[in-house]
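**Q** below are the sequence and a predicted model for it; my questions follow.
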Amino acid sequence: MNPFILILLFIGLLMGTSITMTSSHWLLAWMGLEINTLAIIPLMTQQYHPRAIEATTKYFLTQATAAATLLFASITNAWLTGQWDIQMMAHPIPTTMVILALSLKIGLAPLHTWLPEVLQGLDLTTGLILSTWQKLAPFALLLQLSPTNQELLIILGLTSTLVGGWGGLNQTQLRKILAYSSIAHLGWMIIILQFSPSLTLLTLIIYLIMTSSAFLTFKQNNSTSINALATSWQKAPLLTATAPLLLLSLGGLPPMTGFMPKWLILQELTKQQLPATATIAALSALLSLYFYLRLSYAMALTISPNNIAGTTPWRLCSPQLSLPLCLFTLLAVLLLPLSPAITALLCLQ
């Protein structure tokens, strides 16, 4: 793709997200979401592959449906209450419609079925943008909504954690595994959204760091399936040694960074007298931990094929930049000792 067009599309992504995050009017927020969607569609189709075109079509139809529902809900709220302000969404019917529309946009279960299929049809770079940057604008709107429907958010969160765990168990494609991982992490954020928005923000930031590191690791190895991870040791020994730590951090295992948000969320749910919700969420994390351990085993303890096709990939040097990967991996593994400072900064205690 032409570099000038690429820069223009990235400016569109930045502008759309900025408009949504800084707006207080529903029409401006909807406009930012539409700019965001239209900017990423050319990036998704730059492969000129039927699978990429199919994924782009599914993504466009899903986002158009969510945007239409969001616009209809905001018009309904203005009709019922006379308010276009995002923080003045008081009526339960448009509030529920907005929550469902934003859930469809970010891929919360049971509105998640488009996310694994779309992510499977994209390359790892565009998949990274879809899994990280595209979540910011809808979450900015969710954080501004008044928590008028707590049961709906808890149901969506628990369903997402369970579906994200069960769905990734039987997958062999890394992009689908990362899609179900994204669904599970989004579920944790939605569960705690109504009780502690600052904790949701912390979980979102840590999710962005860990997911970026995972995508960059697989991109560095040029791996798209579990079997392709077996050549990682020959190509990048140091990266192969740190990747299991990153994957265990994604699973929320101490003493890695990913344990921090799960620990704080379970603590907050217990304070809110929701022990059953906390128990189900904690057990669902074991499902996700299983397929992260599967990836760790394939990457660190599996010997690559010794034929010509198996030895060729690790003889070629990767042209990918390693500095962003090193930075995100260090943050994804070593931030847990800073938990007191981070919680004090976000006023979580």
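**A** All right, it came through fine.

**Q** leaving out chain neighbours, which residue sits closest to L264?
**A** Excluding the flanking residues, the one nearest L264 by C-beta to C-beta, 6 or more residues apart in numbering is L199, at 5.7 Å. From N, CA and C alone the C-beta is placed, and that goes for glycine too.

**Q** let's verify that neighbour: helix, strand, or coil?
**A** Three-state assignment for L199 (DSSP: H, G, I helix; E, B strand; the rest coil): helix.

**Q** count of residues packed around it?
**A** When neighbours are counted by other C-beta atoms under 10 Å, L199 registers 21.

**Q** is it in contact with Q267, as I believe?
**A** No - look at L199 against Q267 with C-beta atoms under 8 Å: they stay out of range, at 9.4 Å.

**Q** what's the first helix or strand after the lowest-mean-pLDDT helix or strand in the chain?
**A** One helix or strand of the chain scores below all others by mean pLDDT, DSSP states H and E: helix 308-311, with a mean of 56. Sequence order places helix 323-334 as the next helix or strand after helix 308-311, per DSSP states H and E.

**Q** I'd like the next helix or strand past that following helix.
**A** helix 339-345.

**Q** quick one: the strands in the stretch 51-200 of the chain, in order.
**A** For the stretch 51-200 of the chain, none of the segments meets the definition of strands by DSSP state E, counting those that start in this stretch.

**Q** could you list the low-pLDDT ranges of it?
**A** Low-confidence segments of the stretch 51-200 of the chain (pLDDT under 70): 146-148.

**Q** who touches stretch 54-69?
**A** If you take C-beta atoms under 8 Å, 6 or more residues apart in numbering as the criterion, stretch 54-69 is touched by 30, 33-34, 37, 41, 44-45, 97, 100-102, 104-105, 114, 117-122, 130.

**Q** would you mark the buried spots in that stretch?
**A** 55-56, 58-60, 62-63, 66-67, 69 (16 or more other C-beta atoms under 10 Å).

**Q** kindly reformat those as CSV containing distance to L153.
**A** What follows is those, written out as CSV (distance: C-beta to C-beta, whole Å):
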residue, distance to L153
A55, 29
T56, 30
K58, 26
Y59, 25
F60, 27
T62, 21
Q63, 21
A66, 17
A67, 21
T69, 17
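
**Q** buried subset of the contacts of stretch 54-69?
**A** For the contacts of stretch 54-69, buried by 16+ other C-beta under 10 Å: 30, 33-34, 37, 44-45, 97, 100-102, 104-105, 114, 117-122, 130.

**Q** any low-confidence regions in the stretch 201-349 of the chain?
**A** Using pLDDT under 70, the stretch 201-349 of the chain drops low at 304-321, 348-349.

**Q** let's see it at 50
**A** 349 (pLDDT under 50).

**Q** quick one on the thing from earlier: how about the residue nearest to L264, what does it touch?
**A** By C-beta under 8 Å, 6+ apart, the contact list for L199 reads 192, 261, 264-265, 268, 346, 348.

**Q** let's see which of the residues you listed end up in helices.
**A** Within the contacts of L199, residues falling in helices by DSSP state H are 192, 261, 264-265, 268.

**Q** which among the contacts of L199 gets closest to L323?
**A** P261 (25.5 Å; C-beta to C-beta).
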